[in-house]
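S.K.: Sharing a model prediction with you, sequence too.
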Amino acid sequence: MSIRKLLIKQKSDFKKNGYIILRNVYSKNIIIDFSKSIAHLINACNVKNIKIKNINNKKFQSLKKEILKNLLKLEAKDHQYIANIYNTIRDLNISEKIFNNAKINKIIYNFLSIPNDVPIYIKQKACRIDMPNNKDFLLDWHQESPYTIKNSDLVQIWAPAIQNISVKSGAIKILPGSHKEGHLKTKDSFPKIGHAQYTPENKIIKKYVEKDVELNVGDVLLFSKFLIHKSGNNKSPEPRLTFIAHYHNPLKKDFLKNFFYKDGKPLKKNTYSK
């Protein structure tokens, strides 16, 4: 199949189902480099008896095993160590290679129907670190639209970071076709720990068949901001690491106005503006 026909098919599938799966997007070298960065962050916590030695000389499987083992140790010491690593990852130079990926960008330009010379605005860049059987940070059925920039055209990614993701380890759950419902009314709750929950009505959720998305390292799930989805519970004995990000079209009408308002009220003018 030619590249042009493939792009047309991918866009058609995305419009029909609200998502597509791309295989082998990330190279093994990128995943190895990312793993080394995580290992260095673990060492940077400077916790006694928690250290990964000879990072650059370890084979990937051995390095991965030590990363997962030591993340568990840090969690047992204090969750703040995990929070600090999570908050640091998004701004590492390796994360730029992960999220500003040429293969992903090509699909995003196609799905958002914008010219290739237009910049893409990438937001919510992160690597989730979900501990075994910890439900504090899981999200119930939801759309991405309440969590992002108002009225933005965007595509979200979800992808394994260093290990394959199965149902047991918390594969993301989606409702194919539910994006056609558009932005839905929700029942909202704001727990003391974890994320705000914006859950669509149960009668909408029941209209669709649930699908678990199991992916191998290197694979990527792309989905619509209106696709109903939820977190999978990690029932494996290891932490689960996954990449997430939002890809926006900054030329969308009134997109930039979102940065001048908060809760419907104008913010103070930028002091550098004239």
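M.R.: Noted; the coordinates are in hand. Numbering: from 1, shown residues only.
S.K.: all contacts plus neighbour counts: C-alpha atoms, from now on.
M.R.: OK.
S.K.: any low-confidence regions in the stretch 151-274 of the chain?
M.R.: Across the stretch 151-274 of the chain, residues meeting the criterion (pLDDT under 70) sit at 261-274.
S.K.: how about a cut-off of 80?
M.R.: Applying pLDDT under 80 to the stretch 151-274 of the chain flags residues 259-274.
S.K.: mind listing the helices for it?
M.R.: Counting by DSSP state H, counting those that start in this stretch, the stretch 151-274 of the chain has helices at residues 202-205.
S.K.: Next, residue 46: phi, psi?
M.R.: When read as degrees, to the nearest 10, the backbone of residue 46 gives phi 50, psi 50.
S.K.: how close does it get to residue 66?
M.R.: Counting by Cα to Cα, to the nearest Å, the separation of residue 46 from residue 66 is 16 Å.
S.K.: Please identify which of the two sits among more neighbours.
M.R.: Regarding residue 46 and residue 66, a neighbour count based on other Cα atoms under 10 Å identifies residue 66 as having more, with 19 against 11.
S.K.: that's a strand at residue 97, yeah?
M.R.: No - secondary structure assignment (DSSP: H, G, I helix; E, B strand; the rest coil) places residue 97 in helix, not in a strand.
S.K.: Chain neighbours aside, what residue packs nearest to it?
M.R.: The spatial neighbour of residue 97 that comes closest, neighbours along the chain excluded (Cα to Cα, 6 or more residues apart in numbering), is residue 30 at 7.8 Å.
S.K.: And that neighbour, what's its pLDDT?
M.R.: Among the per-residue scores, residue 30 holds a pLDDT of 97.
S.K.: Report the buried residues of the strand or helix carrying it.
M.R.: In the assignment (DSSP states H and E), residue 30 maps to helix 28-44. By 16 or more other Cα atoms under 10 Å, the buried positions in helix 28-44 come out as 31-32, 34-43.
S.K.: how about stretch 129-138 as CSV, C-alpha atoms only?
M.R.: This file holds the C-alpha atoms of stretch 129-138, laid out as CSV (Å, rounded to 0.1, in the frame of the first residue of the first chain):
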residue,chain,number,x,y,z
ILE,A,129,4.1,5.5,36.8
ASP,A,130,1.3,3.3,38.1
MET,A,131,2.1,1.1,41.0
PRO,A,132,0.7,-2.4,41.4
ASN,A,133,-2.9,-2.4,42.7
ASN,A,134,-2.8,1.4,43.5
LYS,A,135,-6.2,2.9,42.4
ASP,A,136,-5.6,6.4,43.8
PHE,A,137,-4.7,7.9,40.4
LEU,A,138,-6.9,5.8,38.1
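S.K.: and that stretch, average pLDDT?
M.R.: 92.
S.K.: Pull the residues that contact that stretch.
M.R.: Surrounding stretch 129-138, the residues in contact under the criterion Cα atoms under 8 Å, 6 or more residues apart in numbering are 72, 82, 86, 169, 193-195, 230-242.
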